[in-house]
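Student: coords please:
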Amino acid sequence: QIFKDMYGQAVGSGPVMDYLSRTGMDVLTGADLIKVAPQQYESTVEYGDNPIAQSLRDVARVHTANLGTRIFYTQQGGYDTHANQLPTQPGLFRDLSRAVNDFFTDIEEHDADDNVVMLIFSEFGRRIYDNGSGTDHGSGGGAYLVGKPIAGGLYSEYPSLDRDKWEKGEDLAHTIDFRGIYGTVLEQWLGLEASPIVYGNFEQINPFRSN
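Tutor: Model prediction:
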């Protein structure tokens, strides 16, 4: 209420203050919507109790509230497996797979899945060979585009496992620049010009059904 009173008093004090007042009131209105709208959310889907599942449930709550949000971001930690990778990684993959499945089941239940695409990517890759019980940081990796608008399939080329084709003798060679994947989503899905965002023009893929 303090902020509402403060922004309300700014109206009529000049064009700059009028703009600040309108902006401030819009922010407060948005905050109220974000607080109230998800409370109306109902679902038969029972998400897991791990962080990525709970985060995707929260995304579903806000998305199905039709607030107009176009981009959501969340993350799953625990993949920096310099040690104990073999017992750790399967559980992470299982949590992620189930959470993604629950999320799309949820928004399909709400008839809100036609316009949703999920990009799953890794911050960095891992070395091909282990260091004993884990793997160290490396280059190369995979990315996934998931959703009803996606045609599916393998895009670009699978990196070679032949030792003589490894980068620096220890990493998977890139077959497509990750900025091309970002550019694909930016231009083909969000309708934005990618080059000023990814700082260049990079080869894109064509994963969307309309393409």
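
Student: Going by C-alpha atoms from here, please, whenever you check contacts or count neighbours.
Tutor: OK.

Student: Pass me the low-pLDDT residue ranges in the protein, would you?
Tutor: Within the chain, the stretches with pLDDT under 70 are 1-38, 211.

Student: can you give me the strands in it?
Tutor: With DSSP state E as the criterion, the chain has strands at 118-121, 125-126, 137-138, 143-146.

Student: residue nearest the centroid of this structure?
Tutor: In the chain, the centroid-proximal residue (CA atoms, centre = their mean) is Tyr73; its distance is 4.4 Å.

Student: picking that back up, return the most buried member of the strands of the chain.
Tutor: Ranked by mean neighbour count, these are led by strand 125-126 with a mean of 20 (mean count of other CA atoms under 10 Å).

Student: care to break this protein down by domain?
Tutor: As assigned by automatic domain parsing, the chain contains the domains 1-40, 46-111, 117-211.

Student: Would you pull up how far the longest helix seen in the chain lies from the middle of the chain?
Tutor: When the chain is parsed with DSSP state H, its longest helix is helix 85-109. Centre-to-centre, helix 85-109 and its host chain are 14 Å apart (CA atoms, centre = their mean, to the nearest Å).

Student: try stretch 189-207
Tutor: 16 Å.

Student: Buried residues, stretch 139-156. List them.
Tutor: Residues of stretch 139-156 classed as buried: 140-141, 145-150 (neighbour count, 16 or more other CA atoms under 10 Å).

Student: outside of stretch 197-211, which residues touch it?
Tutor: Under the contact criterion CA atoms under 8 Å, 6 or more residues apart in numbering, stretch 197-211 has outside partners 149-152, 155-156, 176-177, 179-184, 188, 194-195.
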